[in-house]
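*Asks:* need a 3D model of the following:
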Amino acid sequence: MKRIELDIVALSHSMTQSHNYAVVLGERRGQRRLPIVIGSFEAQAIAVAMERMVPNRPLTHDLFKSTLDTFGIQLKEVVINNLLDGIFYARLVCMKNGELYEIDSRTSDAIAMAVRFECPIFTYDFILEAAGVVLEDSEEGGASVVGTSKMPANLDSDALETYSIDVLKRRLSEVLEAEDYESAAKIRDELKRREAKD
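*Replies:* So this is what the prediction gives:
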């Protein structure tokens, strides 16, 4: 399977749920974005490392990095390796004494560790196909959204079922323009559910 390298392009507060955030990963050589909804603690852990802030006492991810450093274990890369029922799965690829070890991880924790170790983040094409949002430069020089699918967080799942596909697609474009990736993911899920029925 072809691996695709990702960069963190945004960390934003959820517009619909006060305790949720979205970390947006973008493919290094392409226009696709992968929004992942995370909790506030995980968002804080990522933001602290990105801003190179040093807390008075080490956060859990800092403690884990310090432990790995102490025992001579290096984090080589993070791989977002699966997507099942809307949940992303990741692995930490570590090296000790020339041997590689893979450790199962929550995706948000894996990203927080990748920022601390300054190591690359990878995923596979099938994950970007299933959950990615495509951005394309428009003639005016801005970015426009093309080819996506999932459901709005300001509408519950039952309410989404009452809307036509055209309305859902319009709403999807609106929430993406507003960078509300959580809502976009929900609309995309609803559209995919309907495609599977056809």
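
*Asks:* which helix or strand in this protein has the lowest average pLDDT?
*Replies:* In the chain, no helix or strand scores lower on mean pLDDT, DSSP states H and E than strand 143-146, which sits at a mean of 37.

*Asks:* didn't residue 75 look like it was pressed against residue 112?
*Replies:* No - Residue 75 sits out of contact with residue 112 when judged by Cβ atoms under 8 Å, with a separation of 11.0 Å. The C-beta positions use only the backbone N, C-alpha and C, and glycine is treated the same way.

*Asks:* out of the two, which sits in the more crowded spot?
*Replies:* Shown here are residue 75 and residue 112; by other Cβ atoms under 10 Å, residue 112 has more neighbours (30 against 21).

*Asks:* what is the helix or strand harbouring the more buried one packed up against?
*Replies:* Following DSSP states H and E, one finds residue 112 within helix 107-117. Packing contacts for helix 107-117, counted by 3 or more Cβ pairs under 8 Å, 6 or more residues apart in numbering; DSSP states H and E, involve strand 20-27, strand 32-39, helix 40-50, helix 60-70, strand 74-84, strand 87-96, strand 121-124.

*Asks:* export that helix as PDB, just CAs?
*Replies:* What follows is helix 107-117, C-alpha atoms only, in PDB (Å, rounded to 0.1, in the frame of the first residue of the first chain):
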ATOM      1  CA  THR A 107      -4.300   8.800  16.800                       C
ATOM      2  CA  SER A 108      -4.400  12.000  18.900                       C
ATOM      3  CA  ASP A 109      -1.700  10.600  21.200                       C
ATOM      4  CA  ALA A 110       0.400   9.500  18.200                       C
ATOM      5  CA  ILE A 111       0.200  13.000  16.700                       C
ATOM      6  CA  ALA A 112       1.200  14.600  20.000                       C
ATOM      7  CA  MET A 113       4.200  12.300  20.200                       C
ATOM      8  CA  ALA A 114       5.100  13.000  16.500                       C
ATOM      9  CA  VAL A 115       5.300  16.700  17.300                       C
ATOM     10  CA  ARG A 116       7.500  16.100  20.300                       C
ATOM     11  CA  PHE A 117       9.900  13.800  18.400                       C
END
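
*Asks:* angle of that helix against helix 40-50?
*Replies:* Counting by axes from the mean of the first three to the mean of the last three Cα atoms, to 10 degrees, helix 107-117 lies at 20 degrees to helix 40-50.

*Asks:* tell me which residues in helix 107-117 are buried?
*Replies:* Within helix 107-117, the residues scored as buried using 16 or more other Cβ atoms under 10 Å are 107-117.

*Asks:* equivalent analysis for stretch 20-33, please.
*Replies:* 20-27, 32-33.

*Asks:* how far does it stretch from one end to the other?
*Replies:* By Cα to Cα, to the nearest Å, the extent of stretch 20-33 from end to end equals 18 Å.
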